[in-house]
Structures are given as structure tokens and as C-alpha cells.
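# need a structure here:
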Amino acid sequence: MGEQDITKSHNRAHASNDNRHPPGQFKALKYQADFPECFDGVEVARVFCQMFFLWLNTVHPQSGIGSMAPRSVHNGLANQLRSLRQARLNEAFLAASNRFKGAAQNPSGCPAQTTNPTSPQRCTANSRRMVAKSHRHVFGAQRFAIKWGTVSVPPSLPAPCTLLKFNQPSTGMRNKLLIIDPQNDFCDIEGAALPVAGAHDDLRRLAGFIGSNQTRIDGIAVTLDSHASVAVERTTFWLGSDGQPVAPFTFITAADVIAGIYRPRDTGLTDQVLSMLMQLAVTGKIGMVVWPVHCVTGTWGHNIQSDVARSLAAWEMTHQRPVTKVLKGEYPLTEHFGVFEADAPLASVPSTQFNTALAKSLADGADVIAVAGQASSHCVAASHDQFMRFLARTPALAPRVVLLRDCMSPVPGFEKLAEELFDRARSAGTGVMTVNEFAQSIQ
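Predicted coordinates for the structure are as follows:
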């Protein structure tokens, strides 16, 4: 260890002088089942250490934080996990009380603070010290592995924090991409039915990122806004009180329908539409916007933008498996902004219910999920909020979510909704990055 400038300290017995905490991590590293007798080189040792610290941070329970993995504590899941453990212990006690000493056991207590907090409000002086210690642990333990794995060449290591930084994606992690509605009708190009200013350039940037990082993206899911030409959220469905078609971007409430200001062209659907609008009102949405006809299934406008389509085909060729494509919005009597669930879901219509299979397939095995697409004011915003609620209900799945802010744009006139999304996302711990910043973070 002397060759690595780790020498005995005279003010702390039996401890190295770079800091007093690495021995525990050295032991965890050396006694891990697949720790090799030797490494074939510095780069091999680095790869091993990157995987080791990913396991240490996301899987390995640590006694100092309630026998939980640091990542679970960082993501604010400590109380939920402790409640789940208590429930299992209670079930075990009821099933075989004779095996316990008169009462159900209690799980370890919850840690007092999170590790490496995302928001400044949570970053107390004590937790800042904890983060600094954890970064030094990684640096010291990696040097230990390289030395005692019989790699004698002194390593040229990156900054220590790059291996254990929860609030940014890290090398060696599994990255997935969720692309929301990257379709022609949303691009600001000739022929688009609902052009979003900046969307075409957004998608070209996204396509460039996919093309340059094919091997670093482990999975891609693409959603497609998919409608009939007549549906409740479009102008072809409605008439005004004068019997004339309504204008695009008209806002309609249940009160408007009751008062006869607007009505469905098919008056037999009035009760169902009223029920849907009242269901929206219960959730805090007082009405709905009527949009121009767009993304009709099977039309040019429904197709994926050409640059993105080519990059997806190249990714499929590289990985020899398909991109997941999901249609949304096919039921004609409710709006369906979010990827995972319609705005007014119906128990009798499965396609409007929460798409648990999609949410699980995205989160399962993922360390980072980057989100891009159109439009940040509506479909991206709704999808982000739905997915974050799902993750809050599913403590076992805790990927890091990142919004690629220069790969999405708001519908003109709704810019405030996009800004509110970014503020809400940051508060929830979601990363908000440019695509270049994200690309650098996964190199």
C-alpha cells in the first residue's frame, strides 16, 4: 500500500492516513464471491470496480443505514422499505408465533438522513460530509483492488466522485430511453397538423445522440399518439350552439356541455362525454382542449420523424432486437396525454387503464431512464408525472429519471406548462439535462 502513498497514521492507530473509513469497503471488495486472484490489467480492474460499486450502492444492505442499500435511502424509500419489512415480520409472527420470543421482531431503524441528497434543502452539513466520505471510499478501495489484484502499474484514475454519484448517471450503468410521440404531425415542418416550434430540431438532436451512443443505450421504448379522425379531443367531434364546427384550441368544460354552448355531433354520446368531463374535474382538470386533427393512425403524420426512424433502425441492427413501440390514444372518448394512462380511465376499457407492463419493463433492470419527445407541455409532462407516481408505489424499482430538455418543446401558447414540468421534475429528484450533458455523463 506504500506504493499507493497509503501509509500508517500516528494519530489513529491501525488506520491509513488517506481517511479512516475504507477498511469496511476493502473487506466487502476483497471477500466478494467473484473477486479474482489477479487482474489482467488496469482497465480490467477499473471495470470490475465500477460493477462492484454499482452493486454496493444499489443492492448491498449496509448496517449503518438500517440494512438498506444507499440508493434506496437516497431515493427516499427508507420508510416504505421499513414498513414492508415490518409487515413481513408481522406475517411471520402470526404464522409461527412459537418461533418468536413473545412478539414480532422489528426491522432496523430508518437512517436519519439520505445519502448524497439531490435537493439543496436536504443537503445538511452532516450529509455533505457523508458524501465526501463515500467519494473517498471509492477512490481508496479502487486503488486497493488494483494494487492487491497484482496490477502493479499505478492507475490513472478519474475524479473519485465519478464512480459513486447518485445524482448523475455513471459509467457501467444500464441506460434506457423513453421517446414520447416523435411523430411528423408534431414537427415544425411542412404538412404537419399540430406543429410544435423546435420539435424538428429536437428530434434531429435526439437521433444524433442515439446514433453516437448505440452501445450505451440498453433499451428504447417509443410511444405513438394514435387516433381516429373523429375523437372527443378533436374538432371533428364538436359543434357550437350555432351548429358550426368549433375552432382548434377551444376549451370545453362539463358546464359548457350542460349549458348547450358545445355539443357532440353525435348527441347520443352526450352522457358519456359529460361523465368523462366530470371525471376530469374530480382530478383537478376543469375541462379539455379541442385539438386539430392529428396523428391519425396509418397516415404520414402518424409516422416517426425520419431522422429518429433511421437511428432506431440502426440501434435495432446493432442490438439485434426491436425497439418497443406503444400506441396510445386509440379509445375515442377520452384524452390520453400520458404514456401510461388516459386522462379519464375507464374500467371497461383496458387501453385507458394504467399500463403497468410498460412501466415495469422500463424500470426493471434500468439504472437511468432518459425521456425525450413531444410535447414537453402535455404528453411528456403527463408521462413523467405518471411514471414518478408508479416509482413511488414500487420501492423495489428505483431508476434515475432524466429529462432531455433540448429534445422536447412545448406546444405554442403552453410554454408555462413546460417550465412547470421542469420545476416539478427537479423537486422530485428528476435530472434535467441537455442531450450533450447526458451523453457525456454516460461515456
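# who are the neighbours in contact with residue 420?
Residue 420 makes contact with residue 381 under the criterion C-beta atoms under 8 Å, 6 or more residues apart in numbering. For every residue, glycine as well, the C-beta is placed using N, CA and C.
# Run through the stretch 51-200 of the chain and note the low-pLDDT ranges.
Scanning the stretch 51-200 of the chain for pLDDT under 70 picks out 51, 54, 58, 108-172.
# Do a quick rundown of the helices in it.
70-74, 78-95, 125-148, 199-212 (DSSP state H, counting those that start in this stretch).
# Which secondary structure elements does the helix or strand containing residue 391 sit against?
Using DSSP states H and E, residue 391 sits within helix 379-393. Helix 379-393 sits against strand 175-180, strand 219-225, helix 356-363, strand 368-373, strand 400-404, helix 415-427, with contacts defined as 3 or more C-beta pairs under 8 Å, 6 or more residues apart in numbering; DSSP states H and E.
# What are the structural domain limits within the protein?
2-75+110-163, 175-229+295-441, 235-290 (automatic domain parsing).
# where along the stretch 151-300 of the chain do the strands fall?
If DSSP state E, counting those that start in this stretch is used as the criterion, the strands of the stretch 151-300 of the chain fall at 175-180, 219-225, 238-240, 250-253, 262-264, 287-290.
# Return the most buried member of these.
strand 175-180 (a mean of 26; mean count of other C-beta atoms under 10 Å).
# Can you tell me, leaving aside adjacent residues, what's nearest to residue 180?
Using C-beta to C-beta, 6 or more residues apart in numbering and skipping residues adjacent in sequence, the residue nearest residue 180 is residue 373, 3.1 Å away.
# for the record, mean pLDDT for stretch 31-49?
Mean pLDDT, stretch 31-49: 71.
# same check, this time on stretch 298-312
Rounded mean pLDDT across stretch 298-312 is 97.
# One more: stretch 350-363?
95.
# when you give positions from now on, start the count at 38
With 38 as the first residue, the last one maps to stretch 387-400.
# Enumerate every residue touching the residue nearest to residue 283 when sequence neighbours are not counted.
Leaving aside its chain neighbours, residue 283 sits nearest to residue 275 (4.5 Å; criterion: C-beta to C-beta, 6+ apart). The contact partners of residue 275, taken as C-beta under 8 Å, 6+ apart, are 282-283, 287, 289, 299-302, 327.
# Number of residues surrounding residue 218?
Residue 218 has 30 neighbours, counted by other C-beta atoms under 10 Å.
# Spit out the contact partners of it.
With C-beta under 8 Å, 6+ apart, residue 218 has these contacts: 260-262, 332, 410-412, 416.
# again, only using 6 Å
Neighbouring residues of residue 218 by C-beta atoms under 6 Å, 6 or more residues apart in numbering: 260, 262, 410-411, 416.
# Would you agree residue 313 is in contact with residue 371?
Yes: using C-beta atoms under 6 Å, residue 313 is in contact with residue 371, at 5.4 Å.
# what is in contact with these two at once?
Joint contacts of residue 313 and residue 371 (C-beta under 6 Å, 6+ apart) are residue 381.
# higher neighbour count, those two?
Using other C-beta under 10 Å as the criterion, residue 313 and residue 371 rank with residue 371 on top: 25 against 21.
# I'd like the secondary structure assignment at that one, please.
coil (DSSP: H, G, I helix; E, B strand; the rest coil).
# Next one, pLDDT for it please.
On the pLDDT scale, residue 371 gets 95.
# Contacts only, for it.
With contact taken as C-beta under 6 Å, 6+ apart, residue 371 is in contact with 313, 379-381, 389.
# Columns distance to residue 139 on top of the residues you listed, output as CSV?
Shown next, in CSV, are the contacts of residue 371 (distance: C-beta to C-beta, whole Å):
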residue, distance to residue 139
313, 55
379, 51
380, 52
381, 51
389, 50
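# Sort out for me which of those are in helices.
If you go by DSSP state H, the contacts of residue 371 have residue 313 in helices.
# Go through the domains of the chain and pick out the most buried.
domain 212-266+332-478 comes out most buried of those by mean count of other C-beta under 10 Å, with a mean of 19.
# Please compute how far that one lies from its chain's middle.
11 Å (C-alpha atoms, centre = their mean, to the nearest Å).
# ok, now stretch 250-267?
With C-alpha atoms, centre = their mean as the basis, stretch 250-267 stands 15 Å off its chain's centre.
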